[in-house]
Each structure stands twice: as C-alpha cells, then as structure tokens.
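In: The sequence and its predicted three-dimensional model are supplied below.
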Amino acid sequence: MSTGEHIPMNQETIPQVAVVGNLAIGQPNTDGHQIGVGYVPETLQQQADVAAAAAEATRPLTKTNAAFCIDGRKTIKLGEITDPEVLNDIVAPQLPGGTNLAATKAAVAANAVIVRNAANFDEAYDIVTGVLTRAGYEDAGHEGCGASKKMKKTVEDPVDVKTAYANLKGLGVAKDGDEAKLEAIAANKHQRVENGFYDSWDPGQHEAKIKATAPQNYAILETSADATSNHHEGGAYSVSGNNGFAKNDYIDKTGGKQLFAYTHAFAKELAGVLAGSPEEARMIELGFGDDLLDVSNQLIAAPDDQHPGLAVIA
C-alpha cells in the first residue's frame, strides 16, 4: 500500500508540454458566475508561451501525500504559511476539491466495494478518509471551494459519456475501450442521484473537517469582488508523471495568468489504495478523470464566439 512517496525527477529537467486542444465542455455563461474567456491562448505564439511557462512551473513534488484543489488562483495562505517565497516553492498534486472529496467521488462513481454500502455521501467520505489516513495520506482544501459547493450539481448534471470519453482521451486519462467503463460510471452516479445519496453534503462542514483534521493543508486563495472571484484560468493542464505544478510561481512569471492543473498519476495512486482489485482500481482511476470534467463543466463557460473553452495542455 503506497504512502504517497515519489522519486523526484532531476530539478533541471524541463518536460515537453504543448497545447493539444480545447475542452469541449462548459455551461452557458448566463449568470456571470462562471469563468469566461480568461487568458485562453488562441494564437500559436500565445500557445507556445503558455506551454513553455507551464513546463517551467512543472517540478518535483515537495508534498507527496495530499492533493490540493485544481483551482488556478494564487494561494496566499496555507496553514500558517503566508511567506510568498515559501508558497511559491510548494508543489503538491492537484485534484478537484482536494484529496478526500475527489477520492470519495471517484470511489462512489466506480461503485467500489469500500463505499458500496454507505448510506450517503458523508458516510462514504468518512470511510475513504479513514482508509487514506491509515495509508499516510492527508486531506486538503480551500476556502470557498467551487468543487465542494457545486458537488451535488456536478453529479446531477454530468458531462455526457461520449464527450467525456473524447476529452479524457485528449488528456491522456482514457484509452481505447474505456467508453463502456465510463457508461457504467455514469449509470452508478445516476442511480445514486436518484436515491438522494449526495443530498447530505454540506460545503461548510467540509471546510470545518479539513480545518480540524488537516489545518496545514487548508488554503486561502486570492479572490476579488468581480463576477468570477478572480478566476482567470485559460487552460486545463494535465501534469505528466510524478510531478506537480507550481501555480503561484507560474502566476508571478506570466503576469497573472492561471491554469487549472490535474495530477492524474496521484489519482491513479489513490485508486490503487482504495480498490480491491486491479479492475476496480481502473474504474476508480477513470472516476477521478470523469469528475475532473464534471467539476470543470460547472465552473467554465461553454465554448462559443466569446468563450473558446479552456485550452488542454499536456
């Protein structure tokens, strides 16, 4: 059973990163609360610049046993840390909503044995938390997390399977033959929604749990009073290998640009801890990727003439 340890790559190695497409998801930006055009790289030069900056911000993990949220906004406080230079050097895996929320959603979506008999999502969350804590992992999250606030909405209004399959293949998460597995995941989530399984979730209680159990991983992000609360993400970055994304440093060096970042290697690692078999591990792994799209779908504007959609960077 893994404890989250990784073998870091050479600090001087810069990975090959490129803009490989756009996410074909997102809700109509009618209420002003979704991330609009942001800093989407549209020209070839903009794409090259973003890819180069993302590559430079891809570094060995300094924290290996917790996933921070995919949120691209700058972290201004983490636990008791407020020093910008220290915060710039912290590199952790990233999953929607943090370690335990993302892991619970993936395990439930996969109908994993460990959560199959849970009465509701809160009970499943506590079960997953117990398993991951005993394996040496920590929870994480941040103030006002959209992935937590919109948790129920993400499963009630998911990305359709064909779109999810196409996007996850573009992100390098899905492979040929996985569409049937995604169909099963969609059916599992639909059944749970119909049974009211997700109704128990309270984002405020979620924040309180993180503050109580993993205060060192509770973050305050830089927000603003505008419609998007300082969200300006232009892309979704699928971080390769056992690396992470130094988002604060990326923001500083690009003059305020932001990226959502997703660490699938860590999702796969957690899936292996939670699963009872290799087949179940693969289902949970896909559940993480599927959740990434469902969360993003609720937070970003659908592609149109004004909103081209998030760039896919891998």
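Out: Sure, I can see it.
In: now the farthest one out in this structure, which residue is it?
Out: The centre of the chain is farthest from one residue, Q45, which by CA atoms, centre = their mean lies 27.1 Å away.
In: My read is that Q94 contacts A66, right?
Out: No: in this structure, Q94 is not within contact of A66 by CB atoms under 8 Å, at 10.1 Å. For every residue, glycine as well, the C-beta is placed using N, CA and C.
In: Compare these two (neighbour count), which wins?
Out: Q94 (26 against 22; other CB atoms under 10 Å).
In: If that one is in a bridge, with which residues?
Out: F68 (DSSP bridges).
In: Could you identify the longest helix within this structure?
Out: Looking across the chain with DSSP state H, the single longest helix is helix 278-299.
In: Which helix or strand lies directly C-terminal to that helix?
Out: strand 311-313 (DSSP states H and E).
In: Now do that next one, average pLDDT.
Out: Strand 311-313 comes out with an average pLDDT of 89.
In: what does stretch 275-284 give?
Out: Computed over stretch 275-284, the average pLDDT equals 97.
In: Okay, buried residues for that stretch please.
Out: Neighbour-count burial for stretch 275-284 flags A275, E280, A281, R282, M283, I284 (criterion: 16 or more other CB atoms under 10 Å).
In: Show me what it is in contact with.
Out: By CB atoms under 8 Å, 6 or more residues apart in numbering, the list of residues contacting stretch 275-284 from outside reads 106-107, 109-114, 181, 184-185, 268, 270-272, 274.
In: Buried subset of those residues as a ChimeraX selection?
Out: The buried residues among those can be selected in ChimeraX (16+ other CB under 10 Å) with this line:
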select :106,107,109,110,111,112,114,181,184,185,268,270,271,272,274
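In: just to revisit the earlier point, from the chain's centre, how far out does the longest helix of the chain sit?
Out: Relative to its chain's centre, helix 278-299 lies at 9 Å (CA atoms, centre = their mean, to the nearest Å).
In: List every C-alpha atom in it, with coordinates, as PDB.
Out: Output of helix 278-299 as PDB, limited to C-alpha atoms (Å, rounded to 0.1, in the frame of the first residue of the first chain):
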ATOM      1  CA  PRO A 278      -6.900  -4.100 -10.500                       C
ATOM      2  CA  GLU A 279     -10.200  -3.900 -12.400                       C
ATOM      3  CA  GLU A 280     -11.800  -1.800  -9.600                       C
ATOM      4  CA  ALA A 281      -8.600   0.400  -9.500                       C
ATOM      5  CA  ARG A 282      -9.000   1.200 -13.100                       C
ATOM      6  CA  MET A 283     -12.700   2.200 -12.600                       C
ATOM      7  CA  ILE A 284     -11.800   4.500  -9.700                       C
ATOM      8  CA  GLU A 285      -9.000   6.000 -11.800                       C
ATOM      9  CA  LEU A 286     -11.500   6.800 -14.500                       C
ATOM     10  CA  GLY A 287     -13.800   8.100 -11.900                       C
ATOM     11  CA  PHE A 288     -11.200  10.700 -11.000                       C
ATOM     12  CA  GLY A 289     -10.900  11.900 -14.600                       C
ATOM     13  CA  ASP A 290     -14.600  11.900 -15.100                       C
ATOM     14  CA  ASP A 291     -15.100  14.000 -12.000                       C
ATOM     15  CA  LEU A 292     -12.500  16.500 -13.300                       C
ATOM     16  CA  LEU A 293     -14.700  17.100 -16.300                       C
ATOM     17  CA  ASP A 294     -17.900  17.200 -14.300                       C
ATOM     18  CA  VAL A 295     -16.500  19.900 -12.000                       C
ATOM     19  CA  SER A 296     -14.900  21.900 -14.800                       C
ATOM     20  CA  ASN A 297     -18.200  21.700 -16.700                       C
ATOM     21  CA  GLN A 298     -19.900  23.600 -13.900                       C
ATOM     22  CA  LEU A 299     -17.200  26.200 -13.500                       C
END
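In: For the residue farthest from the centre of the chain, give me the pLDDT.
Out: 95.
In: The stretch of helix or strand it belongs to: which residues count as buried?
Out: Using DSSP H and E, Q45 falls within helix 44-56. Using 16+ other CB under 10 Å as the test for burial, helix 44-56 gives Q46, Q47, V50, A51, A53, A54, A55, E56.
In: show me the residues around the last one that make contact.
Out: Just to be clear, that refers to E56. I14, Y250, K253.
In: Swap in 7 Å and give it another go.
Out: I14 (CB atoms under 7 Å, 6 or more residues apart in numbering).
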